[in-house]
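Engineer: Could you look at this predicted model? Sequence included:
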Amino acid sequence: MSDNSVPPSAKTRGNPAGEPGGISGGGHLHAPATQRNRVPIAQVLATWLPPEVQAGGRVLEVASGSGEHALYFAGRFPGLIWLPSDPEPASRASIAAYRDDHLAAGGPGSLAPPLDLDATRPDWLAPAGPLDGPVDAVVCCNMIHIAPWPAAEGLVAGASRVLNAGGGLFLYGPFKRGGAHTAPSNEAFDASLRARNPAWGVRDLEAVAALAAGAGFAAPRIAELPANNLAVWFVKQS
């Protein structure tokens, strides 16, 4: 069965997988899928992020949702500066609440306050946008299928603008390959998404790769992860 839920705070995207999720005390949002997929995602990131980046780089996470991934990855990669972001105020409040807990427990100060960043906007970088400078990687989990295609276009274009040369764009989620679904559960999930909003849907990996190539990225590195999801890594060439 696919593990394709989204944070319940993503008001414009909803919770297509129909999984339970909600707000605990202090405004902490909970997305059940993060507990299941954070370890395999971190294992792939540990392989693909260059050692020098893991030792002192900056990573921007787009569409951080509840903030549970950001919390876990900041602890897993203490040498990184992890920059979470989300356009939803409830999500940013949840990220801030988890960050406060993290710092109160003595966690590394590498988890930054959440940024108000909309992937579709052209002004990611300051002074017009929230990001104060280039980054070494951009991470985005479970977003492009729960948003219209312009969100994927904006994500790739924005990543190309803010990444240092040689930096990478990391995507996680379900994809079609060669125009076909990789599992019946992904096909059913795709149908449920399109029933909610015809502009949503599981994306063709080849279409995403072509989008990335047009923005100066190399062909993707791909890893198959549990529950019929893929991790995809695009390196910026110029």
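Structural biologist: Sure, I can see it. Residues are numbered from 1 along each chain as shown.
Engineer: which residues of the chain fall in strands?
Structural biologist: In the chain, the segments counted as strands under DSSP state E are 22-23, 29-30, 58-62, 81-84, 135-141, 163-173, 175-176, 203-204, 221-225, 229-235.
Engineer: Mind putting these into CSV with mean neighbour count and distance to residue 194?
Structural biologist: Bear in mind the C-beta positions are built from the backbone N, C-alpha and C, glycine included. Compiled in CSV, these are given as follows (neighbours: other Cβ atoms under 10 Å; distance: least, Cβ to Cβ, whole Å):
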stretch, mean neighbour count, distance to residue 194
strand 22-23, 14, 26
strand 29-30, 20, 26
strand 58-62, 26, 23
strand 81-84, 25, 29
strand 135-141, 25, 21
strand 163-173, 21, 16
strand 175-176, 22, 13
strand 203-204, 17, 12
strand 221-225, 14, 23
strand 229-235, 22, 19
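Engineer: Of all those strands, which one is nearest residue 117?
Structural biologist: strand 58-62 (6.6 Å; Cβ to Cβ).
Engineer: Report the mean confidence score over the closest one.
Structural biologist: Averaged across strand 58-62, the pLDDT comes to 98.
Engineer: If you count contacts, what does that strand end up packed against?
Structural biologist: On a contact count with 3 or more Cβ pairs under 8 Å, 6 or more residues apart in numbering; DSSP states H and E, strand 58-62 meets helix 68-76, strand 81-84, strand 135-141, helix 149-162.
Engineer: and the last one, which residues are buried?
Structural biologist: Neighbour-count burial for helix 149-162 flags 151-162 (criterion: 16 or more other Cβ atoms under 10 Å).
Engineer: Which helix or strand in this protein has the lowest average pLDDT?
Structural biologist: strand 22-23 (a mean of 46; mean pLDDT, DSSP states H and E).
Engineer: Can you get me a residue count around the closest residue to residue 82 other than its chain neighbours?
Structural biologist: Sequence neighbours aside, residue 74 is the residue nearest to residue 82 in space, at 4.4 Å (criterion: Cβ to Cβ, 6 or more residues apart in numbering). Neighbour count of residue 74, defined by other Cβ atoms under 10 Å: 25.
Engineer: Report the separation between the closest residue to residue 96 other than its chain neighbours and residue 192.
Structural biologist: Once flanking residues are discounted, residue 96 sits nearest to residue 114: 5.9 Å by Cβ to Cβ, 6+ apart. Applying Cβ to Cβ, to the nearest Å, the value for residue 114 to residue 192 is 29 Å.
Engineer: Please apply the same query to residue 141.
Structural biologist: From residue 141 across to residue 192, the span is 19 Å (Cβ to Cβ).
Engineer: One more: residue 112?
Structural biologist: 34 Å.
Engineer: Who has more neighbours out of the two?
Structural biologist: residue 112 (20 against 15).
Engineer: Thought residue 85 was touching that one, still the case?
Structural biologist: No. Using Cβ atoms under 8 Å, residue 112 makes no contact with residue 85, being 9.3 Å away.
Engineer: Touching both of these two, which residues are there?
Structural biologist: Here residue 112 and residue 85 have no joint contacts, going by Cβ atoms under 8 Å, 6 or more residues apart in numbering.
Engineer: show me where pLDDT drops low in the protein?
Structural biologist: Within the chain, the stretches with pLDDT under 70 are 1-26.
Engineer: Now with 80, please.
Structural biologist: By pLDDT under 80, the weakly predicted segments of the chain are 1-26, 238.
Engineer: What sits closest to residue 212 if chain neighbours are left out?
Structural biologist: Residue 212 sits nearest to residue 234 (Cβ to Cβ, 6+ apart), 4.6 Å away.
Engineer: Could you measure from that neighbour over to residue 138?
Structural biologist: Applying Cβ to Cβ to residue 234 and residue 138 gives a distance of 9 Å.
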